[in-house]
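Colleague: Sequence plus the predicted model coming up.
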Amino acid sequence: MIKVAKEGVLLEKTALGFESAAVFNPAVYQEGDQVHLFYRAVRKGNFSTIGYCRLQGALDVVERSKVPVIIPQYPYESQGMEDPRIVKIDGTYHLSYTAYDGITALGALAVSSDLLHFDKKGIIVPKVDFKRFSELVQSGPRVNEKYFREHREYAAHGLPTSGLHIWDKNVVFFPARIDGNLAFLHRIRPGIQIAFVKDIPEGLTADFWERYLLHFSEHVVMEPRYAHESSYIGGGCPPLLTDDGWLLIYHGVYDGPEGYVYNACAALLDREHPNREIARLSKPLFLPEEDWEKRGYVNNVVFPTGTAIFGQRLYIYYGAADSRIAVASVNLKDLLNALLASG
């Protein structure tokens, strides 16, 4: 049995304007004993920027910025930058996030050489409307009908679907090239997909995404399987390379009596071919249990977005109830053994 320790709340909102409503869902990058957190900071009106703090060790906050370190600048992110994740590839930090323009939420990328200055690369997921998405995906092998649910619900209610882009969120990069390619997970509900590309943004052309969607089923890495993730799943923390495969901490969602419940889940992907799932826990790694996970801006949410390793423990940083940042920890070897036993 895996023993998960809830380490408690790490960060709360403050009186500062940019983070006066909530702080949650941090990108996490570890450098030795220091841990950098780039977190979603929300001001009143649900407008998000990226805040920053630095930890000494897994849990001690020693620095926290009094202003946002990355702010919206372009129309595609005019209503906020949300839910960042970060990795370092080829000496460059890749910070992915969800760009929200008030209508559509799409995965975007910013890069940096020093964690101080970020160069935005724009939207890096397909920009297609519901109708075109359905046309392309349904031209290929059959896929889960849930991929078309939103389109059909809009149409059934007489709402326009032309020009309304499909939401594609939870962009999470692998921290190394795979067979010479950048690799990232992304999420069009209800599953998790993977994309491989030589360079960004040069390789992510409209033609690339049209061909990708025509063969959509080939790019689906995982789909909901168990009750605790029956509604949809999404990438969480950047995958961690182990001898047993890529460890993926992700979120799984089910529709409960009080609404959606978000759980933290774990799976293993193949080292050489990460589009292949090796194993998955049949139960949540952890779920909303504490009051600060069950009550907030969105109730019943644990949303993992980053990790750090100290000793033999894996520390998992997550958004709690879309209101605060919390931490859980687990023995890494025990988690891997449990995954292998479940596979």
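Modeller: Received, thanks. Numbers count the residues shown, from 1 in each chain.

Colleague: chain center to the helix or strand hosting A341, what's the gap?
Modeller: A341 belongs to helix 332-342 when assigned by DSSP states H and E. On the basis of Cα atoms, centre = their mean, to the nearest Å, helix 332-342 is displaced by 22 Å from the centre of the chain it belongs to.

Colleague: now what about it, what contacts it?
Modeller: Applying Cβ atoms under 8 Å, 6 or more residues apart in numbering, the contact partners of helix 332-342 are 1-3, 242, 244, 247, 266-268, 278-282, 285, 309, 312-314. C-betas here are computed from N, CA, C, even on glycine.

Colleague: If we use 7 Å, what do you get?
Modeller: Helix 332-342 has contacts (Cβ atoms under 7 Å, 6 or more residues apart in numbering) with 2, 242, 244, 247, 266, 268, 279-282, 309, 312-314.

Colleague: Which of the residues you listed scores worst on pLDDT?
Modeller: In terms of pLDDT, the lowest of those is I2, showing 91.

Colleague: So the closest residue to that residue other than its chain neighbours versus Y52, what's the distance?
Modeller: Counting by Cβ to Cβ, 6 or more residues apart in numbering, I2 lies nearest to A338, which is 5.0 Å off, once chain neighbours are set aside. Note on A338: its distance to Y52, by Cβ to Cβ, to the nearest Å, is 34 Å.

Colleague: what do you get for G311?
Modeller: G311 sits 25 Å away from Y52, going by Cβ to Cβ.

Colleague: okay, those two: which has more neighbours?
Modeller: Y52 (21 against 9; other Cβ atoms under 10 Å).

Colleague: Report all helices and strands that the helix or strand containing the more buried one contacts.
Modeller: Secondary structure assignment for Y52, by DSSP H and E: strand 47-56. Applying 3 or more Cβ pairs under 7 Å, 6 or more residues apart in numbering; DSSP states H and E, we find strand 47-56 packed against strand 34-43, strand 60-64, strand 81-89.

Colleague: rerun at 8 Å
Modeller: On a contact count with 3 or more Cβ pairs under 8 Å, 6 or more residues apart in numbering; DSSP states H and E, strand 47-56 meets strand 34-43, strand 60-64, strand 81-89, strand 92-100.

Colleague: closest one to R225 among those?
Modeller: strand 81-89 (23.3 Å; Cβ to Cβ).

Colleague: Quick check: buried residues in that closest one?
Modeller: Across strand 81-89, burial judged by 16 or more other Cβ atoms under 10 Å covers M81, E82, D83, P84, R85, I86, V87, K88.

Colleague: cool, stretch 43-52 as well?
Modeller: Buried residues in stretch 43-52 (16+ other Cβ under 10 Å): R43, F47, S48, T49, I50, G51, Y52.

Colleague: Those into JSON lines, with extra columns for distance to T14 and pLDDT?
Modeller: Below are the buried residues of stretch 43-52 laid out as JSON lines (distance: Cβ to Cβ, whole Å; pLDDT from 0 to 100):
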{"residue": "R43", "distance to T14": "11", "pLDDT": "97"}
{"residue": "F47", "distance to T14": "16", "pLDDT": "97"}
{"residue": "S48", "distance to T14": "15", "pLDDT": "98"}
{"residue": "T49", "distance to T14": "13", "pLDDT": "98"}
{"residue": "I50", "distance to T14": "15", "pLDDT": "98"}
{"residue": "G51", "distance to T14": "9", "pLDDT": "98"}
{"residue": "Y52", "distance to T14": "13", "pLDDT": "98"}
